[in-house]
Each structure stands twice: as C-alpha cells, then as structure tokens.
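S.K.: Predicted model, plus sequence, below.
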Amino acid sequence: TKASLTAGGVGGTCVLRGCVPKKLLVYGSEFSTSFEDSHGFGWEDFDKPKHSWESLIAAKNNEINRLTGIYKRILENNNVELIEGRGELVDAHTVSVDGKTYTAKYIMIATGGLPFVPDMPGKDLVITSDDALD
C-alpha cells in the first residue's frame, strides 16, 4: 500500500492550519480571564502572569508535530508507504511523485487544498488560515 500526500503534510488542514492550531490559540487566550476570575473562588492574590506569544506558538507547533508523528506511525504500523511530494496520476495504477514513478493495485490521492482570497475591495487586508495559523 502506498500513499502520496501534497506538500501540506500528514494530518491535513485541520491538524496543520485549521481546527487544532485555532483551538490551541483560543485556549491560550482564555486563561487571562480565568486568572482574574479565580479571586472569586478563593484564590489569593498573586502576581499577574505574563504572556509570551513566542512560547504559545512554540507549544502549538510542538503539539502539531506530536500529532503528525502519531499519524505517520499509524500509517507505518499499517504497512503504508508514505510518499510525500507533488504527485501526478499517470494511469489507474501509476502515480508520479516528484519525477519518480510508483505503481500499486490501489492508489489513494489526498489532494489537499489552498486558501483563496477573491478579487474584492480590501483584499490586501485579508489573511488566510495559512497566514494566521502556520
């Protein structure tokens, strides 16, 4: 069994640039109010915590790398040969990835996708999920 993934990486948009990083950043943003609210639940005064954007991004990236490693191990444990790169379907049983040809009884294609910003007024102010969460 062989698998070919686009340059996006194992885990797809949700894990790499979508749901997972968004949730990690949202969770990180919500702690500030929890520290403030804790006084009403018996917590004594303490120094106001400081936030480090660099530490938050590093923690997000570590979690994404951990999840990607899990997905790669699942593929490996199920005898899936992972071939990462740009691919082109040659015929029903052949794919070319970065100039190298592979044949198999079954070929799974994970095409992925790219964010798109339509031509509209203000498009220069728009960022995509790749820009925000990568």
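M.R.: Nice, I can see it.

S.K.: At which residues are the strands of the chain located?
M.R.: Secondary structure of the chain by DSSP state E: the strands cover 2-5, 81-84, 87-91, 94-97, 100-103, 107-110.

S.K.: With distance to Ser29 added, can I get these in TSV?
M.R.: The way it works is simple: take the backbone N, C-alpha and C, and place the C-beta from them, glycine included. Formatted as TSV, those follow (distance: least, CB to CB, whole Å):
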stretch	distance to Ser29
strand 2-5	31
strand 81-84	33
strand 87-91	38
strand 94-97	39
strand 100-103	44
strand 107-110	31
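
S.K.: Can you say which of these is packed in most?
M.R.: Scoring the strands of the chain by mean neighbour count under mean count of other CB atoms under 10 Å gives strand 2-5 as the most buried, with a mean of 19.

S.K.: picking that back up, now the strands of the chain as CSV including distance to Asp45 and mean pLDDT?
M.R.: Converted to CSV, the strands of the chain look like this (distance: least, CB to CB, whole Å; pLDDT from 0 to 100):
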stretch, distance to Asp45, mean pLDDT
strand 2-5, 51, 40
strand 81-84, 52, 82
strand 87-91, 59, 90
strand 94-97, 59, 92
strand 100-103, 63, 94
strand 107-110, 52, 76
